[in-house]
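**Q** Fold the following for me, if possible:
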Amino acid sequence: MTFVMKLPFVDTVCDDSLVNTYVNEKKIGYEFQIRLSYYRGHYLSCIEELTIKVDDKQVDLNDLNFCLNGKEFTMGQIPYLISEFWNVNEPATIKVYQPGGLDEGEHTIDVTLLLRNAYMHVPGNTKNHNYAVLDSCGSKTLPVRKERKEIKVNE
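**A** Numbering: from 1, shown residues only. Next up, the predicted model:
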């Protein structure tokens, strides 16, 4: 038995947050923000699953980074971030490295975000799933903002 909770207090994908990223005027990808759709925060190590689809195309986990609290993490680091707290009111930035970024116009972002509720033990679950799972998934169609997220790097 797996117990999954969904309490959609806010939209997971933040409005007006999709922007292309440039390094030395070359479009290297894009980014957008997501939030926890819940009433309390979680440690990043409680993320059981985080996957992203843009326009029905799955983003490779090796091509995205998770940014929070002024830090940037690879998806391989997430299970080990036992002291990095994601406050419920704090949006996280998802950076996707995709040369050429996104074309102008609207794009549909689908986020699968499942978290382990470490304070909510559910007896009778399997050994690997002893805690209730929070479903914080969401989907939204956003336009790419015209302003640029520009990073200058000395060559």
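**Q** Find the helix or strand that Met120 is a member of.
**A** For Met120, the host element (DSSP states H and E) is strand 106-121.
**Q** Buried residues in that strand, which are they?
**A** By neighbour count on 16 or more other Cβ atoms under 10 Å, the buried set for strand 106-121 is 107, 109-117. (Each C-beta comes from the backbone N, C-alpha and C, glycine too.)
**Q** Which pLDDT value goes with His129?
**A** Looking at His129, its pLDDT stands at 65.
**Q** repeat for Asn125
**A** So Asn125 comes in at 62 (pLDDT).
**Q** What of the one 10 residues further on?
**A** Looking at Asp135, its pLDDT is 88.
**Q** swap in Glu84?
**A** On the pLDDT scale, Glu84 gets 96.
**Q** any idea of the mean pLDDT for stretch 10-30?
**A** Mean predicted lDDT for stretch 10-30 stands at 93.
**Q** buried set for it?
**A** Those buried within stretch 10-30 under the rule 16+ other Cβ under 10 Å are 10, 12-14, 17-22, 27-30.
**Q** Serialize these to JSON lines and add fields for distance to Glu84.
**A** Formatted as JSON lines, the buried residues of stretch 10-30 follow (distance: Cβ to Cβ, whole Å):
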{"residue": "Val10", "distance to Glu84": "21"}
{"residue": "Thr12", "distance to Glu84": "19"}
{"residue": "Val13", "distance to Glu84": "21"}
{"residue": "Cys14", "distance to Glu84": "20"}
{"residue": "Ser17", "distance to Glu84": "21"}
{"residue": "Leu18", "distance to Glu84": "24"}
{"residue": "Val19", "distance to Glu84": "24"}
{"residue": "Asn20", "distance to Glu84": "27"}
{"residue": "Thr21", "distance to Glu84": "22"}
{"residue": "Tyr22", "distance to Glu84": "28"}
{"residue": "Lys27", "distance to Glu84": "29"}
{"residue": "Ile28", "distance to Glu84": "25"}
{"residue": "Gly29", "distance to Glu84": "23"}
{"residue": "Tyr30", "distance to Glu84": "23"}
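**Q** just curious, which of the residues you listed is nearest to Ala132?
**A** Minimum distance to Ala132 across the buried residues of stretch 10-30 is 18.2 Å, recorded for Thr12 (Cβ to Cβ).
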